[in-house]
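> Task: produce atomic coordinates for the following.
(chains A, B and C)
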Amino acid sequence: MLGQQIINGLMLGSVYAMVAVALTLSIGVLNFLNFSIPGLFMIAGMSTWALIHAGTPWPLAILAALAITTAVSLVVERFTWRWLRGAEHFVPLVSSMAFLLMFEHLAIAWWGSEMRVLPPLFAGTDWRIAGFVISLPQLAGLAVSLASIWGLSRLLKRTNLGRGLRTIAEDSDTALLLGIDVGRVVPIVFALAGLFAAIAGVLFALNYRQVQPFMGEAVGLKGISAMIVGGMGNTWGAIAGGLIIGIAEVLSVGYVGANFVDISVFGLLLLILFVRPTGLFAGLSAGRSGV
Amino acid sequence: MIHEQPILRLDSVTKRFGGMTAIDDLSFDVRRGSRTALIGPNGAGKTTVFNIVTGAVPIDSGRVFVDAVDISRMPSRRRITHGVARSFQNVRLMPHLTTLENVMVGQHCRNAGPFGVLQPVNLWPRNRWRDAARAAIAEAGLERYAGATVKNLPYGVQKRVEVVRAMMARPRLLLLDEPAAGLNSAETESLQDLLERICANGGVTLLVVEHDMHFVGALCDAVVVLDFGRKIAEGTPAEIRANPRVQEIYLGTAVTDATERRHAARSA
Amino acid sequence: MSGYLEGVLVLLAVNIVFAYGAFLPVAAGQLNLGLAGFGAIGAYASAFLSNAYGVTPILAIMLGGIAAGLIALVVAVPVLRTRGIYLALATFALGQIVQATLLNLEVVGGAAGYPVTAFIRLPTIALFAASVVVVVALLFATRFGIAVTAVHDDERVADLMGLDVRAFQIAAFTLGSIIAGIGGGLYAHHFSFIEAQYFNIGLSITVVLYVLLGGTQTVLGPLIGAGVFTLLPEILRGSANWRYVLFAAAVIVLMALRPQGLLTGEQIRRLLGLDRHGIGPSDAAREPAA
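The predicted model follows:
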């Protein structure tokens, strides 16, 4: 029983981890809390539903949802970052919040505010291993998450782009001096963050099969908790945080009751902020903790 | 005797930033009522000295005394009440406040506490704090800028407003970080005038970081020279000008090259 | 007065109160993303007092505000030890926790919501709103206003000038939360029904956005922001969702073009002829050589 819950928790956790990675990229490299990411999560999830509902074969729907969401992320970049370097420091954060609001209400305007259900695409593909049940979407989800994160980590460590990102995280002025084309790199950060948020949204839609315009608030925002609980402000920390939060949430439902899930998740966040506020983002502006 | 105590004493102060030693076992005194210049090449540690005295950065070892009181561990917020005020190399006025309000920020340490904070300084046309600030601004010749939001003001005006702001705290020790940098000759004269008036009765001691040797020569009666975080020399401006080590630092390799060439020529 | 007009004015008054709740911390350089949570505390606390103990609404609403303020104080003191982003995140977490807690608190209705028996009308609500505006305006006419702006502009230098930066940040945050709590209480006692789902992050974000729209550098900015947010949609009509979309788009465009908001202190001063800075080349040449 506990083992099964942990598996379910890992699944939920990988969704949170993806969102947390997206958030961490923005905070680590660009030093701002990108509130549009939960909105992008929702766009990916609802687009997946909308496309499948309209008859698109699911592989295509998934790819389209990923593409759409990444494109929207680039639009966000244009309006939160491109015009706004050097303006008041809160502007990107505020604009990203406005985007979240906009996405939610656009979704309601287009699709209505009710919960939408995806058809069961992978029924009968459950595996039984040592008494545990793992469904195909769950396994695929875990695999995709791990692969994405591994890919990102390679990108950051081995490529010039990655080096550029890490340098910008350290000090954007130094980055400029070193000739790193910040104007070209920043959209890539947004694209990556959008992609990770999109993967999370698609995984959520396929595994839990329920989407609604406020799923960014209900689910995506817990990615913030994951990002901080995981500490360290780096990608691996984000993953650890996501998995912790996911497992904690599933165990909460099992042992304490579904009502207290949110209290637990955000209570944990608050506790961490009280106890170790400096430790978590010690490298935020200095980039010491790395991306 | 109390009035012979230096207003500022650094006692074997060391400050490191990561692997770099900014201040290395530095000791010097600033005589009460003097106008002391702190000079040295870029990176010599002059601004770090200011940061240490105001408490913006903690020291690694040694002690700092202001008016015979060890302030090494005093929180930065309290040091202005203890009599230390400063101006900044890059002007650090509050951009969203007017000149008058910026200058009134300088008064805050004398008007803190719940009753001070709730003083309706901006409500009635007349208020003694506001009037005092206005008077100070007028004395500096800047009254036409009193109501202007500072971020729109010329650099030279902003620099002088900073000095007025620091003065409003009625400090005993006024630290000025490159007050003449970026000023044209008229503004520099105006600043010098202002500073002379401030120091007239010896109530305020000036410690000035400056590169403008002309300004230093005209204003200051004592000089401390730093290089690589160490004290190289101290004395009157005349003594410093004649000091060969100081000349070497400032004239750099030109002097050593010439000396070497002469030696080479002699031994050839 | 028609019911419709009264409804709009009530909404305007409540939004104005919420706006000042968000304005206070922003003026000190902090973002309160849990604003709705403090509104909820005020709403539920005041509703509970008037429902269960028959406390008169005006008193209940004020007590609700104080309750919100006490919680704010408890959160602010530990978290304001470091950078503002921590406070924003902690307030966000707190807002979520408050909402989740109230959702499960059966004594005040839980997920089904909580009906409120006592009822207040526009005059009372307008009086509260006007009082809030006057109190905040007076407060900013004291040294507190200068200090808070100084802290907002440059924490390090404010500290070196002797200001207790932490104390001002905590004060602004707590005061803002009290006002938000009052807003929640007003809402509860007019709309006669409150549910935790209403006091969500979306509400916090919306209020913060229209405060930033109005302009945060002057104490009259929140009035403009609340006014534009409440009244413009009435003029434009159309579904509620498109109003939000347009509002969000307007904020994004405004942040790109004029991040200081619609109204700034500088503008007011110039309008009143108080900002005589008019520095042009001829002025610079006439620099006094005193």
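> what residues does the stretch 101-250 of chain C put near chain A?
Within the stretch 101-250 of chain C, the positions lying close to chain A (Cβ under 8 Å from any Cβ of the partner chain) are C:101, C:103-104, C:200-202, C:205-206, C:208-209, C:212, C:239, C:241-242, C:244-245, C:247-249. The C-beta positions use only the backbone N, C-alpha and C, and glycine is treated the same way.
> For PyMOL, what selects the buried ones among those residues?
A single PyMOL command selects the buried members of these (16 or more other Cβ atoms under 10 Å in any protein chain shown):
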select buried, chain C and resi 101+103+200+201+202+205+206+208+209+212+241+242+244+245+247+248
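> Now, the residues of the stretch 101-250 of chain C next to chain A that are in helices?
Among those, the ones falling in helices (DSSP state H) are C:101, C:103-104, C:201-202, C:205-206, C:208-209, C:212, C:241-242, C:244-245, C:247-249.
> Tell me both backbone torsions, phi and psi, for B:Pro244.
Here is the backbone geometry of B:Pro244 (degrees, to the nearest 10): phi -60, psi -40.
> State the distance from it to chain A.
Using Cβ to the nearest Cβ, to the nearest Å, B:Pro244 is found at 38 Å from chain A.
> C:Gly34 now?
10 Å.
> Please apply the same query to B:Ser185.
Relative to chain A, B:Ser185 is positioned 32 Å away (Cβ to the nearest Cβ).
> Kindly report the same for C:Thr124.
As for C:Thr124, its distance to chain A is 31 Å (criterion: Cβ to the nearest Cβ).
> hang on, B:Cys109 is in a helix, isn't it?
Yes - under DSSP: H, G, I helix; E, B strand; the rest coil, B:Cys109 sits within a helix.
> Nearest residue to it in space, please, no chain neighbours.
Once flanking residues are discounted, B:Cys109 sits nearest to C:Gly162: 3.1 Å by Cβ to Cβ, 6 or more residues apart in numbering or on different chains.
> For C:Val157, give me its contacts.
B:88, B:92, B:94, C:150 (Cβ atoms under 8 Å, 6 or more residues apart in numbering or on different chains).
> Take these and keep only those in helices.
Using DSSP H, the subset of those located in helices is C:Ala150.
> While we're on the residue nearest to B:Cys109, how confident is the model there?
You'll see C:Gly162 listed with a pLDDT of 93.
> so where's the chain uncertain?
As the question left the chain open, I've gone with chain A. When residues are selected by pLDDT under 70, those of chain A lie in A:82-89, A:123-124, A:168-177, A:179-180, A:182, A:231-233, A:277-291.
> my bad, chain C
Short version for chain C, where the test is pLDDT under 70: C:1, C:81-84, C:238, C:273-290.
> what ranges do the helices span in it?
Secondary structure of chain C (DSSP H): helices at C:3-27, C:35-53, C:57-79, C:84-104, C:122-140, C:143-153, C:155-160, C:165-191, C:201-214, C:221-236, C:240-257, C:265-271, C:281-285.
> Then the stretch 1-150 of chain B?
B:46-54, B:76-79, B:99-107, B:113-117, B:128-139 (DSSP state H, counting those that start in this stretch).
> Select, out of these, the one closest to A:Leu63.
Proximity to A:Leu63 (Cβ to Cβ) singles out helix B:46-54 among these, at 55.6 Å.
> can you tell if the closest one touches chain C?
Yes - Helix B:46-54 is in contact with chain C by Cβ under 8 Å from any Cβ, via B:Thr54.
> Up against chain C, what does the stretch 1-150 of chain B have?
Checking the stretch 1-150 of chain B against chain C by Cβ under 8 Å from any Cβ, the hits are B:54-56, B:76-81, B:86, B:88, B:92, B:94-98, B:101, B:104-106, B:108-109, B:111-112, B:116-123, B:129, B:141, B:144-145, B:147-149.
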